[in-house]
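K.L.:
Return a 3D structure for these sequence lines:
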Amino acid sequence: MSSYVELHAHSAFTFLEGASLPEQLAERAADLGYEALAVTDRDDVGGLVRFVEASDKCGLRPIFGAELSVRTTPLFDGSRDFAVGEHVFGLVLLAKDDEGWANLCALISRGRFERPRGRPFVTIDEIASRARGLVALSAFLEGPLAPALHKGDVDEGVRLARPWLDIFGDDWV
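P.N.:
Predicted coordinates:
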């Protein structure tokens, strides 16, 4: 068995980003000797039932998650008294337990049904209200720390990470 676990895989349920069906992802992960795999489609968990069924057949442990589109409030840069704009980024959330699964589904529902059709998002405050039982992943190209990481700005990275550390504590990876 491989000690590697992919925690951010998109299936064909993430249109234009994932090409493989959930069953194919489970089979390939099992072929590679993975013990577990997380399918984290964008703003959706529609492929998870198929993924779980295929994982059971392959002896793979499925990890439930999703990549949520998070919309921030306008940012202030400290030197001006006006907003410099809003930003939308992806945040991967993984369910640790039943409460996390319920919270993940509630966030996805809110993002889809309380927003303009085809443009789902959640806010930091909405995530904070539903963070129990969830693990948040920060490190990928569209994540909340990406702007600072691209510039190599450690101070900015700490500033951007602070709200997430306050929300998730040890469950912020």
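
K.L.:
gap between whichever helix or strand L160 is part of and the chain center?
P.N.:
Using DSSP states H and E, L160 falls within helix 154-168. Counting by CA atoms, centre = their mean, to the nearest Å, helix 154-168 is centred 16 Å from the centre of its parent chain.

K.L.:
Could you name the helices and strands sitting against it?
P.N.:
helix 124-129, strand 134-137, helix 146-151 (3 or more CB pairs under 8 Å, 6 or more residues apart in numbering; DSSP states H and E). No exception for glycine: its C-beta is placed from N, CA and C like everyone else's.

K.L.:
any chance of these in a markdown table, with mean pLDDT, mean neighbour count and distance to V88 too?
P.N.:
Converted to a markdown table, these look like this (pLDDT from 0 to 100; neighbours: other CB atoms under 10 Å; distance: least, CB to CB, whole Å):
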| stretch | mean pLDDT | mean neighbour count | distance to V88 |
| --- | --- | --- | --- |
| helix 124-129 | 95 | 16 | 12 |
| strand 134-137 | 94 | 21 | 16 |
| helix 146-151 | 82 | 14 | 12 |
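
K.L.:
between these, which one is nearest to S20?
P.N.:
Closest to S20 of the helices and strands packed on helix 154-168 is strand 134-137 (CB to CB; 20.2 Å).

K.L.:
What are the contacting residues of the closest one?
P.N.:
Contacts with strand 134-137, where a contact means CB atoms under 8 Å, 6 or more residues apart in numbering, come from 7-8, 91-96, 100, 103-104, 127, 143, 164, 167-168, 171-173.

K.L.:
what residue lies at the spatial centre of the chain?
P.N.:
Nearest to the mean C-alpha position of the chain, by CA atoms, centre = their mean, lies V92 at 1.3 Å.

K.L.:
out of the contacts of strand 134-137, which are buried?
P.N.:
Applying 16 or more other CB atoms under 10 Å to the contacts of strand 134-137, the neighbour count classes 7-8, 91-95, 100, 103-104, 127, 143, 164, 167-168, 171-172 as buried.

K.L.:
Keep only those of the residues you listed that are in strands.
P.N.:
Of those, the ones assigned to strands by DSSP state E are 7-8, 91-95.

K.L.:
wait, which of these is closest to A131?
P.N.:
Comparing these against A131 with CB to CB places L93 closest, at 8.7 Å.

K.L.:
residue contacts, the closest one?
P.N.:
Contact partners of L93, counting by CB under 8 Å, 6+ apart, are 40, 65-68, 104, 107, 127, 134-137.

K.L.:
Any chance of CSV for those, columns distance to D155?
P.N.:
Conversion of the contacts of L93 to CSV gives the following (distance: CB to CB, whole Å):
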residue, distance to D155
T40, 29
G65, 30
A66, 31
E67, 27
L68, 26
L104, 32
L107, 30
I127, 24
L134, 27
V135, 26
A136, 21
L137, 22
